[in-house]
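Student: what's the 3D shape of this:
(chains A and B)
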2 protein chains.
Amino acid sequence: MDIIKPRTLSGFMELLPGKQIQFERMAQILRTTYASYGFAPLDTPIIEDAQILLAKGGGETEKQIYRFQKGDSDLALRFDLTVPLAKYVALHANELAFPFRRFQISKVYRGERAQRGRFREFYQADIDIIGDGKLDILNEAEIPAIIYKVFKGFGLSRFQIRVNNRKILNGFYAMNELAEKSGDIMRSVDKLDKIGAEKVRAILVETCGLSEAQAEEILKFIAIRGTNAEVLAALEGYAGRNEIFDAGLAELKAVTSNLAAFGVPEENFAVDLTIARGLDYYTGTVYETTLLDHPEIGSVCSGGRYDDLAGYYTEKKLPGVGISIGLTRLFYVLDEQKLLNPELPTAPADALVLPMGSEPGSAIALAEALRSEGLRVQLYGEQKKFKQKMAYADKLGVPFAVLLGEDEIAAGKCSVKNMRTGEQITVTPAEAAAHIKETLSANDGPVILE
Amino acid sequence: MDIIKPRTLSGFMELLPGKQIQFERMAQILRTTYASYGFAPLDTPIIEDAQILLAKGGGETEKQIYRFQKGDSDLALRFDLTVPLAKYVALHANELAFPFRRFQISKVYRGERAQRGRFREFYQADIDIIGDGKLDILNEAEIPAIIYKVFKGFGLSRFQIRVNNRKILNGFYAMNELAEKSGDIMRSVDKLDKIGAEKVRAILVETCGLSEAQAEEILKFIAIRGTNAEVLAALEGYAGRNEIFDAGLAELKAVTSNLAAFGVPEENFAVDLTIARGLDYYTGTVYETTLLDHPEIGSVCSGGRYDDLAGYYTEKKLPGVGISIGLTRLFYVLDEQKLLNPELPTAPADALVLPMGSEPGSAIALAEALRSEGLRVQLYGEQKKFKQKMAYADKLGVPFAVLLGEDEIAAGKCSVKNMRTGEQITVTPAEAAAHIKETLSANDGPVILE
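Tutor: Numbering: from 1, shown residues only, chains lettered A, B, ... in the order given. The predicted structure is shown next:
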């Protein structure tokens, strides 16, 4: 038979078992945290009608999308989880209770140019809250509060959720008679971190057509820094001149005070007037999240408020607020930076039962007894020499080997070997389970070590 | 703005939130059961190189596959989880510990003709054990024992795992000088349940070219029925005439006796000589699983032993045994047949906290307190009238509403309303959490009611 050389496509993450378990651990924290806030799990198709996915159309999306024909159908793979959510909510509006809260942790597809750390298939972990007609400002604080919980759950503390409000920006531009240029200006200001103030000034003047004075006003504005109280106080100085600005400031103050009520410490969130988010559909609060010791990664979790989620699919006005974690990229970066906690076990089992005789009945019963105590237990069924069995346990990285020979069977016991310390004890199955669970829980720690 | 009518493609399952939670419950039982036997979670790309997916080529697969170009690449969506596993194991053989045990619960794609209950995107829930060169027969009993655990975990007891061994069939055909026709014969015999013995006889004679006597021998053979001991005894009558037959009989006896050792009661498994599995790559033990009260569904879980998993991708001989549950179809049928337990809550939250005042601080704190006790809690943040708040709780189907008015806040308490019984008690947050957990766990039951 001719052999076809096996390969995995470039830009597609495929993990070895140990890494996969580390990835699952992060995904599990996301699932349980999202669920604990009453978000419903949602699972939409990966393939959708291309017309629907591209309703908004244009730009990078259309170039990157995986689109193909099958029979007469014009199909495409989803490139985010927001467009399928908009479709879902429009399609099922009458059957959903609003506010509708959903989380989805699923793969999306973008045929980007392949490069290190860029993925064509990657997980997004999204939460959104969709209202019918109206949605209270409280939700705009709850969303980043949940993200705070997720990142703390990962073991991170050196992160900052940066918050702004596009109404403040739009209102400010209107004050300076730049309302029509606000889109261009926001896209330029968004580059501040990457290219610096002077280059932004040059773009504002040369590309956007602002006067030097206008550009100066904008740079002065986005240079406002300090504690959240200081930034809000500085913004008060602009109040009363534009309704949209004032509405945005009131929202930002509400979000800031509610974030504190949700228990998010000030060190983990900051009002930051440079945050605008390039996407057009955000209309109020916007978020970005940075790892303070790894600013080079950029935002690992972004989102915001949109007034009209599903306008392409329904006349209904469905305002919402949502946020998205680029999970595959985050995992890749954490792994690259060696931040994944190496102390956590990555074996698929807590214990490997090694029968020393050839009759499997006792070993089967022992493995079942350990499982009934909540352990993940593999029964080793191969007829190999003792040394090979132990080598397998080593390669698997299993924390405990449980040996069962004739002496142990006769005594109703088993020998539990701690693969890390080499320590071995001979005890009853119930004692073995208790010992293994106790040792594992003592070794428990965060997924990420900063 | 022009409205595009939202729709979900035909053949793609997209569930409402309550149904999705029922689906997740089944998936979670699969994940925890598979993991408890020491299987590693695996996640391979949905898109693969088309040449690799189609290495085996031919037949229905090629017609049904979603295949497309992106740039210069010839891509396809996986149509099962076995071919990607073969690729994975061949590609990473040096990094894996063998036996390699993995589970994968993921979507696969087949562009079948759309019809009711047939899906183009559907979940398979697979486990496989892959050996390097050799793999002990014990694994062939463990795999159906795990499936037994899964189905019992679902709440089912009226199911039967039917087991056979292709060596017995191949050996038997060889005894009757029909070895070269064994593939055709097995495919014909596989139809026995659907078309009956007389039509199978006709196919064997007219299409496969057997003599009447040979067809008679085959029908007599596959008519062997009875308890497992009776069937094995009847098979002993054929022993000693063909080596392959004898090897298969020894394997079947080992699997049968080990299944009992794994605690699978005889009512849930049966030696059944009519099981052959149409696919060519099975070489020994084969499995099918039927719901005894719903034989019309056919097999809901099938698999078997293969001697050479990854022969298209590597010179290494990698024998294995695996089984696959067609989860999407199983869920669809259970739902259609109204077998999903309607008593289990399907709301995304255990409790909905309803603040009666406009200041959210106390309600936020209460919700966090309930979450810290392990509950899934939604905080309702909208400024609505009491009646509308309760209507939302009703529509959401949430088991408990927790009301927080000024009186409760002053007393450090909250009012817990059981939405099913209407009963309401005013207690501390800790008492509320205990009460909710106790009531929910008393209502706990199986996912499926037979």
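Student: is the helix or strand bottoming out on mean pLDDT in chain A anywhere near chain B?
Tutor: For chain A, using mean pLDDT, DSSP states H and E, the weakest element among its helices and strands is helix A:59-64, scoring a mean of 79. No. Helix A:59-64 stays clear of chain B (C-beta under 8 Å from any C-beta of the partner chain), getting no nearer than 9.9 Å. The C-beta positions use only the backbone N, C-alpha and C, and glycine is treated the same way.
Student: what's the following helix or strand after that helix?
Tutor: Toward the C-terminus, helix A:59-64 is succeeded by strand A:67-70 as the next helix or strand (DSSP states H and E).
Student: can I get the CA coordinates of that following strand in CSV?
Tutor: Extracted as CSV, the C-alpha positions of strand A:67-70 are listed here (Å, rounded to 0.1, in the frame of the first residue of the first chain):
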residue,chain,number,x,y,z
ARG,A,67,-16.7,29.8,1.3
PHE,A,68,-17.7,26.9,-1.0
GLN,A,69,-20.5,25.4,-3.0
LYS,A,70,-22.2,22.1,-2.2
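Student: Give the other helices and strands that that strand contacts.
Tutor: Strand A:67-70 sits against strand A:73-77, strand B:67-70, with contacts defined as 3 or more C-beta pairs under 8 Å, 6 or more residues apart in numbering or on different chains; DSSP states H and E.
Student: and the ones you listed as a markdown table, adding mean pLDDT?
Tutor: Converted to a markdown table, the helices and strands packed on strand A:67-70 look like this (pLDDT from 0 to 100):
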| stretch | mean pLDDT |
| --- | --- |
| strand A:73-77 | 96 |
| strand B:67-70 | 94 |
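Student: Could you single out the most deeply buried of those strands?
Tutor: Most buried of the helices and strands packed on strand A:67-70 by mean neighbour count (mean count of other C-beta atoms under 10 Å in any protein chain shown) is strand A:73-77; its value is a mean of 19.
Student: partners of it, with directions?
Tutor: Partner strands for strand A:73-77, per DSSP bridges, with pairing direction: strand A:47-49 (antiparallel), strand A:67-70 (antiparallel).
Student: rewinding a little: of all the helices and strands packed on strand A:67-70, which lies closest to residue B:285?
Tutor: Nearest to residue B:285 among the helices and strands packed on strand A:67-70 is strand B:67-70; the distance by C-beta to C-beta comes to 33.0 Å.
Student: any idea which residue sits dead centre in chain A?
Tutor: By C-alpha atoms, centre = their mean, chain A has its centre lying nearest to residue A:325, at 2.9 Å.
Student: That one and chain B, how far apart?
Tutor: Per C-beta to the nearest C-beta, to the nearest Å, residue A:325 is found 17 Å from chain B.
Student: In which helix or strand does that residue reside?
Tutor: Here residue A:325 sits within strand A:320-326, counting by DSSP H and E.
Student: Just checking the helix or strand that contains residue A:410 against chain B, any contact.
Tutor: Using DSSP H and E, residue A:410 maps to helix A:406-411. No. Contact of helix A:406-411 with chain B (C-beta under 8 Å from any C-beta) is absent, the minimum separation being 13.8 Å.
Student: neighbouring contacts of that helix?
Tutor: A:356, A:357, A:362, A:414, A:415, A:426 (C-beta atoms under 8 Å, 6 or more residues apart in numbering or on different chains).
Student: Would you mind giving the secondary structure of the last one?
Tutor: Under DSSP: H, G, I helix; E, B strand; the rest coil, residue A:426 falls in the strand class.
Student: what's the burial count for the closest residue to it other than its chain neighbours?
Tutor: Counting by C-beta to C-beta, 6 or more residues apart in numbering or on different chains, residue A:415 is the residue found nearest to residue A:426 once chain neighbours are left out, at 4.7 Å. Using other C-beta atoms under 10 Å in any protein chain shown, residue A:415 is surrounded by 18 other residues.
Student: a strand runs through residue A:415, doesn't it?
Tutor: Yes. With three-state DSSP as the criterion, residue A:415 is part of a strand.
Student: Look up how far chain B lies from it.
Tutor: Counting by C-beta to the nearest C-beta, the gap from residue A:415 to chain B is 19 Å.
Student: So which bits of the stretch 51-200 of chain A are right by chain B?
Tutor: Within the stretch 51-200 of chain A, the positions adjacent to chain B are A:51-52, A:55, A:66, A:68-71, A:73, A:75, A:87-88, A:90-92, A:95-102, A:107, A:109, A:111, A:120-121, A:131, A:134-136, A:138-139, A:142 by C-beta under 8 Å from any C-beta.
Student: Tell me which of those fall in helices.
Tutor: Here DSSP state H is the test, and those give A:51, A:52, A:87, A:88, A:90, A:91, A:138, A:139, A:142 as lying in helices.
Student: right, and out of the residues you listed, which lies closest to residue B:116?
Tutor: Closest to residue B:116, out of all of these and judged by C-beta to C-beta, is residue A:91, at 19.6 Å.
Student: Where does the prediction get shaky in the stretch 301-450 of chain A?
Tutor: Counting by pLDDT under 70, the stretch 301-450 of chain A contains no low-confidence range.
Student: make it 90
Tutor: A:309, A:357-360, A:442-444, A:450 (pLDDT under 90).
Student: what does it have sitting close to chain B?
Tutor: Counting by C-beta under 8 Å from any C-beta, the residues of the stretch 301-450 of chain A that sit close to chain B are A:310-315, A:348-349, A:352, A:360-361, A:364-365, A:368, A:371, A:375-379, A:381-383, A:392, A:395-396.
Student: Just give the nearest non-adjacent residue to the residue of the stretch 1-150 of chain A found nearest chain B, would you?
Tutor: Ranked by C-beta to the nearest C-beta, the top residue of the stretch 1-150 of chain A for proximity to chain B is residue A:38, at 2.7 Å. Excluding the flanking residues, the one nearest residue A:38 by C-beta to C-beta, 6+ apart is residue B:378, at 2.7 Å.
Student: which helices and strands does the helix or strand containing that neighbour pack with?
Tutor: Per DSSP H and E, residue B:378 falls inside strand B:377-379. Contacts defined by 3+ C-beta pairs under 8 Å, 6+ apart place strand B:377-379 against strand B:351-355, helix B:361-372.
Student: could you check the angle helix B:361-372 makes with the shortest one?
Tutor: Angle between the axes of strand B:351-355 and helix B:361-372 is 170 degrees (criterion: axes from the mean of the first three to the mean of the last three C-alpha atoms, to 10 degrees).
Student: Is any residue of strand B:351-355 near chain A?
Tutor: Yes. On the criterion C-beta under 8 Å from any C-beta, strand B:351-355 is in touch with chain A at residue B:352.
Student: go on, the longest one?
Tutor: Yes. Contact between helix B:361-372 and chain A, assessed by C-beta under 8 Å from any C-beta, occurs at B:361, B:364, B:365, B:368, B:371.
Student: Would you mind giving those as JSON lines with neighbour count and distance to residue B:300 added?
Tutor: Compiled in JSON lines, these are given as follows (neighbours: other C-beta atoms under 10 Å in any protein chain shown; distance: C-beta to C-beta, whole Å):
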{"residue": "B:361", "neighbour count": "15", "distance to residue B:300": "51"}
{"residue": "B:364", "neighbour count": "23", "distance to residue B:300": "46"}
{"residue": "B:365", "neighbour count": "17", "distance to residue B:300": "47"}
{"residue": "B:368", "neighbour count": "20", "distance to residue B:300": "42"}
{"residue": "B:371", "neighbour count": "21", "distance to residue B:300": "37"}
